[in-house]
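Peer 1: prediction below, plus the sequence it came from.
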Amino acid sequence: MKDTLLRFILNLRRPTKAANIKLLKQHGEALNSLLIREVTLSDIPALAALHVKAWNQTYPFVKRPPTFEIRQYQWEEQFKQTDQSWFCLIVENSQKELIGFAKGQRYTDKLKFEGELNKLYLLQDYQRLGIGRRLVGNVIQHFLAKGIKSMVLFSEPSNPSIRFYEAIKGERIYAEDGKFHGAYGWNDLAAIVPIFPKE
């Protein structure tokens, strides 16, 4: 009940689709001008700043959110892993600013899934415009290209994006006590490719 209420409150704080379309036009941007590409080492400062901003928008009531320094260190450490076990896709607007990202990695824990959508963030001004769906579609294509056929995602049950995960066919994963803690699974990624826009 607490998670449902918090999720409702957080959803009220998010801009509507109409407001974001208007904002996009005011900035002289178009949806087809947004570029999804793989992250590079030189993107780390901008990616860390985006990570902080998007995380704070998603969880505004956390008293001590992660700092830019923490996120920069975490991404620098991530880039030291050169075993092809992870990838990160970023969304860039026409001004070359980062406005969203998704990180995928191999999943080797106790559940039956092969891949994990480890992070997925999009700035609020760009939400509800189909960009998140494009981004996840790209993640799925990357997984499939690596022979990874299933995917899991771990979120907070209070995350206002939970309905988005369900709209893209994510199935809730319940704990042994029957409670839902924000995890979603996709057992057959190839089967849901058609619901995502083609690049």
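Peer 2: Looks like it arrived, so ask away.

Peer 1: do you have the strands of this protein handy? List them.
Peer 2: 35-38, 86-92, 98-106, 115-122, 151-154, 171-174, 180-186 (DSSP state E).

Peer 1: and these: which comes nearest Lys22?
Peer 2: strand 98-106 (16.4 Å; C-beta to C-beta). Quick note: C-beta positions are derived from backbone N, CA and C, even for glycine.

Peer 1: report all helices and strands that the closest one contacts.
Peer 2: helix 44-58, strand 86-92, strand 115-122, helix 131-145 (3 or more C-beta pairs under 8 Å, 6 or more residues apart in numbering; DSSP states H and E).

Peer 1: tell me the most buried of those?
Peer 2: strand 115-122 (a mean of 21; mean count of other C-beta atoms under 10 Å).

Peer 1: what's the local residue count around Arg37?
Peer 2: By the criterion of other C-beta atoms under 10 Å, Arg37 has 11 neighbours.

Peer 1: pLDDT-wise, which helix or strand of the chain ranks last?
Peer 2: helix 2-13 (a mean of 50; mean pLDDT, DSSP states H and E).

Peer 1: look up the closest residue to Ala46, ignoring the ones flanking it.
Peer 2: Leu98 (4.9 Å; C-beta to C-beta, 6 or more residues apart in numbering).

Peer 1: can you pull the contacts of that neighbour?
Peer 2: 43, 46-47, 49-50, 90-92 (C-beta atoms under 8 Å, 6 or more residues apart in numbering).

Peer 1: rerun at 6 Å
Peer 2: 46, 50, 90, 92 (C-beta atoms under 6 Å, 6 or more residues apart in numbering).

Peer 1: farthest-separated two in these?
Peer 2: Leu50 and Glu92 (10.3 Å).

Peer 1: contacts only, for Leu144.
Peer 2: Neighbours of Leu144 in contact, by C-beta under 6 Å, 6+ apart: Leu189.

Peer 1: quick one: it from Phe79, how far?
Peer 2: Here the criterion is C-beta to C-beta, to the nearest Å. By it, Leu144 lies 24 Å from Phe79.
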